[in-house]
Every structure is written in structure tokens, then in C-alpha cells.
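Task: produce atomic coordinates for the following.
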Amino acid sequence: MIPVIDGHNDLAWARREHHGYDTTGLRGSVPTLHTDLPRLAAGGVAGQFWSVWVDAALTGPEQVTATLEQIDFVHRFIGDHPDRLAFARTAQDVRDAMAAGRIASLIGVEGGDQLGGSLAVLRQYARLGARYLTLTWSRTIPWADSATDDARHGGLTEFGRDVVRELNRIGMLVDLSHVAPSTMRDALEVSIRPVIVSHSGALALCDHPRNVPDDVLAAIGAGGGVVMVAFVPSFVSQARRDWVRAGERGPAPAVGIADVADHIEHIRGIAGVHAVGLGADYDGTDAMPDGLHDVSTYQDLLSELRGRGWSQADLEALAHGNVLRVLEASDADHLAFLAGKAAPPSAAALRPAVDVAARAAAQPRVLVVQNAASSGVRRLGGWLADEGIAVEVVAGEQGLPETLAGYDGLVMLGGGLMPDDDDRAPWLAAERELAQQAISADLPTLGICLGGQLLAHVAGGEVRASFGPKERGATGITTSADGRVDAVIGALGDGAPMIENHQDMITVLPPGAVLLASSDAVALQAFRLGQRVRGLQFHPEVGADDLLGWTEPTTATPEDRPVAELVDAARAVDAHNTRVSRALAAGFAAEVRAAAADRGAGVLS
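This is a model prediction of the structure:
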């Protein structure tokens with residue numbers, strides 16, 4: 001059996017989501033996961049980079065907190081199974097663990113947003129054992145473009161380049177999975193140490209944006225790095241990728257061991273046999289190829305390659321030798337950093353991420369009122385933060401500010417309530433007062449679902465409970481002539497698919513309100529009061545995968561569709577929905593910045 005060192009496994013997040021971060025129970029079979037200790041042994045896994053990943057729904061300091069929770073899980077997992085696992089930082093630690101018959105356990109941080117903009121946080125992750133940083137996850141961040149989001153920087157910003165330099169200095173590997181090709185090329189230009197790609201495939205064989213183009217493969221090979229091939233079906237099979245893009249209609253095209261082997265051989269052909277490894281992404285995706293269903297199957301993949309003529313030496317390089325060499329190339333830097341003997345950090349690496357005085361003076365602030373635990377700010381918060389907006393989320397039940405003084409914008413979220421439902425939600429009286437203040441000041445405001453109904457109610461419109469058609473899931477929204485030229489709703493163009501989940505309905509707009517959008521079933525989908533106060537019945541903060549948390553209706557009606565069907569329909573239009581929702585957020589942020597400038601100039605109180 002050839003020992004395997006895998007570059008990426010999401011067990012930590014899977015245990016968070018489904019097992020309350022419990023580290024016990026993994027000595028036996030856990031059929032709901034791809035990973036447990038017996039199957040790791042059966043697969044010949046001798047080393048594993050455990051990914052510490054954080055959902056992008058969390059923003060700012062929440063990302064750092066959740067990362068520390070993930071790292072804590074990995075350390076507890078190792079400590080609770082000392083006969084099977086060994087904490088490892090360096091290549092020598094890995095070899096020692098392998099010699100002792102234990103699985104070397106390393107840590108990789110999967111996303112640059114998990115730094116909170118602070119290279120001090122990066123250094124703390126390194127001290128806790130992290131040996132690689134994936135520069136982005138699925139969304140473009142303030143300093144680097146992601147492969148699966150709109151590009152905003154043309155690769156890395158200057159701060160992004162500083163991140164790469166600091167990773168080199170402290171001996172953490174630069175991981176180029178998830179990042180845009182422009183980001184890959186910039187990072188390769190800056191890095192003085194070999195880089196990794198922890199879990200991706202070859203773009204030439206499958207056009208998924210998570211895969212790596214040939215010129216980058218060649219550059220990684222020339223620089224002594226390693227590309228670790230993911231097993232994710234839509235990364236390794238063009239037919240499966242096309243099926244997903246078409247809305248996953250009909251049977252899924254079969255994907256097998258041979259598809260993964262094809263990517264390995266392509267990367268070997270472009271980058272060299274020294275530059276290919278394995279990074280399956282177990283427990284980070286639902287489906288896996290036939291024959292590679294869990295961590296027990298690595299040897300079957302190696303057997304496929306042996307049948308294609310791979311030598312024992314080349315198989316050993318693929319399975320563990322190449323990644324050990326790349327890790328070892330940065331080990332001296334890492335040990336020097338831990339010993340306090342590394343070269344001093346640059347001034348940029350010491351710069352505080354939060355300048356209290358400057359932020360208080362300059363950063364626009366938005367108050368977000370959350371009316372239910374299930375109705376959070378989600379991706380909207382991250383988008384506003386990317387636009388330079390300080391987002392302050394306050395749960396209504398915890399008490400709301402008396403005034404909007406000091407705020408440059410207001411967002412009121414949904415919550416399954418009516419605007420005057422004070423018995424169930426006593427804070428609504430205070431929220432109505434804030435809505436009235438926003439209208440009076442023409443403060444940039446987004447009232448979403450319940451928030452939009454609050455605006456209509458306060459301004460003299462009519463809202464009726466459980467009235468009209470129930471709209472749930474992806475819904476086509478059509479803009480009016482006024483909506484198409486509106487600074488915020490104009491992001492939808494002539495119309496766009498948006499997420500709905502309500503039956504309460506605005507039946508009469510307030511006096512003077514401007515209709516901005518409608519749907520086939522609901523005439524009053526969006527409106528504007530004054531120039532900068534808008535009410536929406538749809539949810540720009542909700543993406544397709546957020547629907548996975550929805551439950552079936554308690555009392556179903558003939559028009560209700562199963563949640564799984566709603567998810568499929570939303571995923572089919574998710575790219576369009578995300579693009580226009582983000583543009584909508586950017587339009588709102590522009591008005592917030594203008595309001596902040598007015599406040600700074602003394603125009604607003």
C-alpha cells in the first residue's frame with residue numbers, strides 16, 4: 001500500500017454542521033461522512049491537510065472566530081486519538097508520524113477573508129499550526145479575485161502581494177485553489193517559494209473555473225510546486241459540469257476513477273511528474289466519482305494509474321513525495337519564524353487592520369435590523385463590507401437604537417411578521433420609528449420583505465397578511481420604467497430572477513411612492529419613497545444554497561413545491577441572481593457613501 005498525503009479534507013466543518021464539533025465516534029464507521037479513522041487506514045492515508053474553512057455567510061470578525069473554532073476542532077481531534085493521529089507542522093514531523101504508524105495531521109486555512117484583513121491574524125494561525133493559506137474561497141475579497149466571482153482587482157492588489165510575501169516569510173504555503181487565473185499568475189510572480197494548489201483540476205479537460213489553465217500548470221511545475229487533484233465530479237468531467245450548468249435535469253452523467261486519472265496524467269504532462277498530487281476534497285462536496293466514494297479508495301486510483309504504466313517511484317511521488325518536498329522547501333522559514341529568528345516583517349505586514357480614528361471619521365455605517373434568527377444579512381453583509389461599508393447588525397429582540405444619528409444607511413430584514421405585530425415582536429414599535437426617521441431624512445434604506453412592508457405601513461400604504469399568491473423560491477422580477485433607471489433597482493435591468501418567501505402582501509403603495517418592480521403574481525414588488533428609501537418584497541441577500549435551510553410548509557397548499565425542487569430551480573438561475581443582487585448592493589452602497597460624505601460635510605445631521 002502506497003502512503004497517501006491528501007491536500008484537502010473538510011471534516012472539521014462537516015463535524016461542526018452535523019455533529020456539534022464532537023470529536024468522538026470517528027473510530028468506527030460514520031456512513032454520513034466520507035471520512036472516519038477506519039476508512040482513512042483502509043485508504044492508506046498517512047497524512048492529511050485538514051481544511052479549516054468558514055462559510056462566506058459569516059463576515060468580518062466572525063470569519064476569524066469561526067476559523068479559530070475550526071482549528072480548535074483539529075487540535076481536539078488529534079488529542080482525542082493520539083494512537084491514530086499526530087500533529088504535524090513540518091515534513092520531518094510527517095515522516096516521524098508515518099514511521100510511528102499514525103496519520104500526520106496538518107492544517108490549511110481555506111480563504112483569505114479568514115484573516116479579517118490582518119497579517120497579525122495570519123501569523124497567529126501559523127503559530128497554531130496552519131501551513132497553507134488558500135488566497136480566496138468562492139468570492140472575490142478586498143485584495144484578491146476569486147475564480148467563481150466577478151473580478152475586481154485584475155488579480156492581487158498590493159496588499160494581496162504583501163500577503164504572499166508574508167506567507168513566504170513565515171513559512172506558510174501559498175495555495176492557489178479557488179483563485180482566478182490572474183490571481184494565480186500574480187502570486188507566482190511574487191512568491192519566492194514553491195506554491196500548491198490544494199484541490200483543483202485541469203482546465204483543459206473541464207472548463208470549471210475552479211480548475212487551473214495550462215500556462216499556470218507549467219509555471220507551477222517550473223517553480224517546483226505541486227497541483228493536488230480534486231475528485232469533485234463537476235471539476236473532472238465536462239459532461240457532469242455541463243449537466244450542473246443546465247440545472248441538473250435528468251440522470252447525472254457518470255464520473256469514475258478514470259476521469260480523475262485523466263486529470264492527473266494531464267497535469268503530469270504539462271507540469272511534470274514532480275508537480276502532481278492528490279487533494280480529493282472529501283466531506284467538502286456531496287457527490288464523489290464512482291469508485292472514489294470515500295477516503296478508503298485512494299489505492300484504487302493508484303491501481304488505475306499503475307495500469308496506465310506509472311512506475312512505483314512516480315506513484316509514490318504523486319501520493320506523498322511531491323507535497324512533502326514542497327512543504328519541506330518552506331520548513332526552515334516556518335521554524336525560524338516560530339523561534340523568533342525570521343527576518344523582521346515589513347511595515348505593511350504590521351499595519352493595523354482597524355484604524356479606529358480613521359474608521360470613526362470616514363467609514364460609512366449601516367444599521368441592519370434583524371427581525372428573526374433565520375433571516376440574517378447573509379451575503380449582503382459581505383458585499384457591503386467589500387464596498388467599504390461598516391455593517392452593524394442588531395437583533396430587534398435585543399433592543400434597537402432610538403435614532404439613526406451616526407448612521408449613513410438602514411437595512412431592515414424579513415422575519416415572518418406583520419409591521420404592527422407588536423404582541424409577538426415588541427421591538428417593532430421602535431423599528432417603525434427608525435423607518436419614519438429614515439423616510440423623513442431620505443436616508444439610504446433597504447426594507448426587505450417585512451422591512452419593505454414596514455416602510456409601506458409607516459408611510460401610509462396598506463399591507464395585508466396571508467393575502468394573494470404565495471411566492472416561494474426563484475421568481476422572475478420585472479422592473480418598471482422608473483425601476484430601470486433607479487440607482488439601485490436598475491441593477492436588475494429589464495428584470496431578473498430573485499428569491500421570494502412570503503404571502504403577506506403590500507396591496508396599496510404609500511402616497512407619492514414610485515413603483516420600481518413587479519412579478520407576474522405580485523404587482524407591488526419594489527417601490528421608492530423620496531430618492532433613497534426603497535422597499536422590496538424579494539430577497540437580494542438570499543442565494544440558491546441558502547434555500548437548503550428551508551423547511552417544508554407546515555400546512556401545504558396545492559401551489560407549494562418541495563424544497564428540493566425550489567433549490568434546483570434557484571441554482572439554475574443562481575449566477576444571474578448573484579450578479580444582479582451584488583450590483584444592487586453596490587448601488588445601495590454608493591448611496592450610503594454619498595450620505596456619509598454629506599454627513600461629513602454637515603449636510604445631514
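
secondary structure class for Val393?
strand (DSSP: H, G, I helix; E, B strand; the rest coil).

how close does Ser519 sit to Gly543?
19 Å (C-beta to C-beta, to the nearest Å). C-beta: built from backbone N, CA, C; applies to glycine.

Next: Leu85.
Relative to Gly543, and taking C-beta to C-beta, Leu85 is found at 36 Å.

out of these two, which sits in the busier spot?
Legend: neighbour count by other C-beta atoms under 10 Å for Leu85 and Gly543, higher for Leu85 (22 against 19).

For that one, which residues are in contact?
Phe77, Ile78, Arg102, Ile103, Ser105 (C-beta atoms under 8 Å, 6 or more residues apart in numbering).

now do Ala86
So Ala86 contacts Ile78, Asp93, Asp96, Ala97, Ala100, Arg102, Ile103, Ala104, Ser105 (C-beta under 8 Å, 6+ apart).

all helices of the stretch 151-300 of the chain, in order?
158-170, 181-190, 214-222, 233-236, 238-245, 257-271, 298-307 (DSSP state H, counting those that start in this stretch).

Report the distance from stretch 260-279 to the chain centre.
Using C-alpha atoms, centre = their mean, to the nearest Å, the distance from the centre of stretch 260-279 to the centre of the chain it belongs to is 27 Å.

got the buried residues for that stretch?
Buried residues in stretch 260-279, counted by 16 or more other C-beta atoms under 10 Å: 260-268, 270-279.

now do stretch 525-542
Of the residues in stretch 525-542, 525-530, 532-542 count as buried by neighbour count, 16+ other C-beta under 10 Å.

start to end distance for that stretch?
16 Å (C-alpha to C-alpha, to the nearest Å).

what about it, distance to the chain center?
26 Å.

Then stretch 307-316?
37 Å.

Any chance you could list what contacts it?
Ile2, Ala261, Glu265, Arg268, Val273, Leu302, Leu305, Arg306, Leu318.

farthest-separated two in those?
Ile2 and Glu265 (17.0 Å; C-beta to C-beta).

can you pull the buried residues of the lengthiest helix in the chain?
The residue-count maximum for a helix in the chain (DSSP state H) belongs to helix 574-600. Applying a neighbour-count criterion of 16+ other C-beta under 10 Å, one finds 574, 577-578, 580-585, 587-589, 591-596, 599 buried in helix 574-600.

With stretch 441-454 instead?
Quick answer for stretch 441-454 (16+ other C-beta under 10 Å): 441, 443-454.

go on, stretch 4-24?
4-16, 19, 21, 23.

per-residue confidence averaged over it?
For stretch 4-24, the per-residue pLDDT values average out at 94.

Just the C-alphas of that stretch, formatted as CSV.
Extracted C-alpha coordinates of stretch 4-24, given in CSV (Å, rounded to 0.1, in the frame of the first residue of the first chain):
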residue,chain,number,x,y,z
VAL,A,4,-1.1,9.0,0.7
ILE,A,5,-0.9,12.6,1.9
ASP,A,6,-4.0,14.4,0.8
GLY,A,7,-4.1,18.2,0.4
HIS,A,8,-7.7,19.0,1.4
ASN,A,9,-10.4,17.4,3.6
ASP,A,10,-13.4,19.3,5.1
LEU,A,11,-14.1,17.0,8.0
ALA,A,12,-13.9,19.9,10.5
TRP,A,13,-16.8,21.8,9.0
ALA,A,14,-18.8,18.6,8.5
ARG,A,15,-18.4,17.9,12.2
ARG,A,16,-19.5,21.4,13.0
GLU,A,17,-22.6,21.2,10.9
HIS,A,18,-23.8,17.8,11.7
HIS,A,19,-22.1,16.7,15.0
GLY,A,20,-21.7,19.8,17.1
TYR,A,21,-17.9,19.7,16.7
ASP,A,22,-17.8,16.3,18.5
THR,A,23,-14.5,14.5,18.0
THR,A,24,-15.7,11.1,19.3
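
ok now that stretch, how far from the chain's centre?
Computed by C-alpha atoms, centre = their mean, the separation of stretch 4-24 from the middle of its chain amounts to 17 Å.

And Leu302, how close does it get to Gln312?
From Leu302 to Gln312 the distance is 10 Å (C-beta to C-beta).

phi, psi of the residue of the chain positioned farthest from its centre?
Within the chain, the residue lying farthest from the chain centre (C-alpha atoms, centre = their mean) is Pro511, at 41.2 Å. When read as degrees, to the nearest 10, the backbone of Pro511 gives phi -60, psi 130.

From Ala517, how far out is it?
On the measure of C-beta to C-beta, Pro511 and Ala517 end up 19 Å apart.

re the thing from before, any chance of CSV for the contacts of Leu85, columns distance to Val393 and neighbour count?
Shown next, in CSV, are the contacts of Leu85 (distance: C-beta to C-beta, whole Å; neighbours: other C-beta atoms under 10 Å):
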residue, distance to Val393, neighbour count
Phe77, 31, 23
Ile78, 35, 22
Arg102, 43, 20
Ile103, 40, 23
Ser105, 35, 24
